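In: just to be clear, the model below is a prediction. Sequence and coordinates:
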Amino acid sequence: MTQPTRKDEVAADAPVSEDATLTFIGRIETPWPRREDCPRRGRLDGPECTLIVDPPWDRALEGIEGFEGLDILYWLHQSRRDLLIQNPAHADRVRGTFALRSPIRPNPIGLSRVRLVRRAGNRLVVRGLDCVDGTPLLDIKPETCPAAGA
């Protein structure tokens, strides 16, 4: 069993599972080289970050300019996956992993709602992310309503 790092945390030996396959469609460039540098939550007025979508998935960006808001799913590749109970530094009590937005999860999938600033070929410049530079990109989903005038 992996040892927790903070008082009152509980960890588990995570079962190895081979029942799902994910494809990274690109990577994310951010100004944060380390997890400790990342904001706790992305802000729509935060710094510009870039989603780089690899071929052949870059062709799937067709029409994305018609949306102001995007939901970005990414793989938190530097995160632990074993904590059941966590003791967040910013909180006054311990909580279960599913009661937190912590990157420490059984399946470390990050989700951010971002604002699309511009598209340049296979690159989307966005605001609102909170992940380290080089984070693998899983998926991009537009908000339901297209941008005005699109």
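Out: Nice, I can see it. This is a predicted model, so every value here is computed, not measured.

In: where does the chain dip in pLDDT?
Out: 1-4, 14-17, 145-150 (pLDDT under 70).

In: contact partners for Cys64?
Out: Quick fix: residue 64 is Ile, not Cys. By Cβ atoms under 8 Å, 6 or more residues apart in numbering, the contact list for Ile64 reads 70, 116, 119, 124, 140, 142. The way it works is simple: take the backbone N, C-alpha and C, and place the C-beta from them, glycine included.

In: same deal with Asn87?
Out: So Asn87 contacts 4, 6-9, 94 (Cβ under 8 Å, 6+ apart).

In: pipe these into a markdown table and attach neighbour count, secondary structure and distance to Pro103 per row.
Out: Below are the contacts of Asn87 laid out as a markdown table (neighbours: other Cβ atoms under 10 Å; DSSP: H, G, I helix; E, B strand; the rest coil; distance: Cβ to Cβ, whole Å):
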| residue | neighbour count | secondary structure | distance to Pro103 |
| --- | --- | --- | --- |
| Pro4 | 17 | coil | 15 |
| Arg6 | 12 | coil | 15 |
| Lys7 | 7 | coil | 20 |
| Asp8 | 10 | coil | 19 |
| Glu9 | 18 | coil | 15 |
| Val94 | 16 | coil | 17 |
